[in-house]
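1. based on what follows, work out the 3D shape:
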Amino acid sequence: MKKEDVQLCLVTDSEMCHGRDLAAIVAAAVKGGCTMVQLREKKADTRTFLSRAYEIKEVLKGTHVPLIINDRIDIALAADADGVHLGQSDMPVEVARKLLGKDKIIGWSVETMEDIEKANQMDIDYIGISPVFATSTKTDTAHPFGITGTRQAAAMSIHPTIGIGGIHRENAREVMECGIDGIAVVSEIMLAADPEQAAKELNKIINNNLPQTTQTTQTFFI
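-> Numbers count the residues shown, from 1 in each chain. Here you go, the predicted model:
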């Protein structure tokens, strides 16, 4: 995968839809510039999760935006998603790689500097620095990295880096200035009255803080 793919990741949360259509929110976010979608369904049963994976995959068809399944290897395989994102307590990366094959994307959450050292030896495609700041959407994580820790983590990693946790339009610039390759957001887009506009504003911040050689106009979006 390219570093451009991790610039702006939308992590979904169906409970934040509040009666709105999840697929419509995702479509709007991608139109606004999201470069990756991670489908996260912590409470859905398997059939519901799979159904949503099919639906979001259809939304992303033709956009070149990868669909990443959170945690569930079985859902990723069944839906033929582009990859999975694994946490510290999920299936070991080496097992996931055997099941998914060499062409699928695997992301891995790191919670400490020691995790980053481990990640540098792994067959993965990117790491999620988690959390950058404390957040109410994910409470089962370690102590936040903060700005200083995120900067150190980005410098240590040999893989593309995504910051996640408590990131919004007011602090995204500061986070990107740490040298990471992208950010992941949940509520900043999922709860936005206009998800497309929220994504556009985040994308503008991201691109203004990328080295000139890696900036992209992302003309492939629908």
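2. how far out from the middle of the chain is stretch 115-133?
-> Centroid separation for stretch 115-133 versus its chain: 13 Å, with C-alpha atoms, centre = their mean, to the nearest Å.
3. what's the span of that stretch, first residue to last?
-> 17 Å (C-alpha to C-alpha, to the nearest Å).
4. surely Ala23 touches Ala53?
-> No: if you go by C-beta atoms under 8 Å, Ala23 and Ala53 don't touch, sitting 11.1 Å apart. C-beta coordinates here come from the backbone N, C-alpha and C atoms, glycine included.
5. more neighbours: which of those two?
-> Ala53 (21 against 16; other C-beta atoms under 10 Å).
6. quick check: which element contains that one?
-> According to DSSP states H and E, Ala53 maps onto helix 46-60.
7. which residues are contacting that helix?
-> Residues outside helix 46-60 that contact it (C-beta atoms under 8 Å, 6 or more residues apart in numbering): 12, 14, 22-23, 26-27, 30, 37, 39, 41, 44, 66-67, 69, 72, 74-76, 78-81.
8. average pLDDT across stretch 56-74?
-> Mean per-residue pLDDT for stretch 56-74: 98.
9. again with stretch 15-27
-> 97.
10. now it: buried residues?
-> Residues of stretch 15-27 classed as buried under the neighbour-count rule (16 or more other C-beta atoms under 10 Å) are 16, 22-23, 25-27.
11. would you mark the buried spots in the longest strand seen in the chain?
-> Longest among the strand segments of the chain by residue count, using DSSP state E, is strand 105-110. Residues of strand 105-110 classed as buried by neighbour count (16+ other C-beta under 10 Å): 105-110.
12. run the chain-centre distance for that strand.
-> On C-alpha atoms, centre = their mean, the centre of strand 105-110 falls 9 Å from that of its chain.
13. can you check stretch 47-54 too?
-> Distance, centroid of stretch 47-54 to centroid of chain: 18 Å (C-alpha atoms, centre = their mean).
14. cool, stretch 168-180 as well?
-> Relative to the centre of its chain, stretch 168-180 is centred 15 Å away, using C-alpha atoms, centre = their mean.
15. what about Ala155, how many residues nearby?
-> Using other C-beta under 10 Å, Ala155 has 12 other residues around it.
16. if I look at it, how far off is Val95?
-> 29 Å (C-beta to C-beta, to the nearest Å).
17. ok, now Ala199?
-> On the measure of C-beta to C-beta, Ala199 and Val95 end up 34 Å apart.
18. pick out whichever of those two has more residues nearby.
-> Ala199 (25 against 12).
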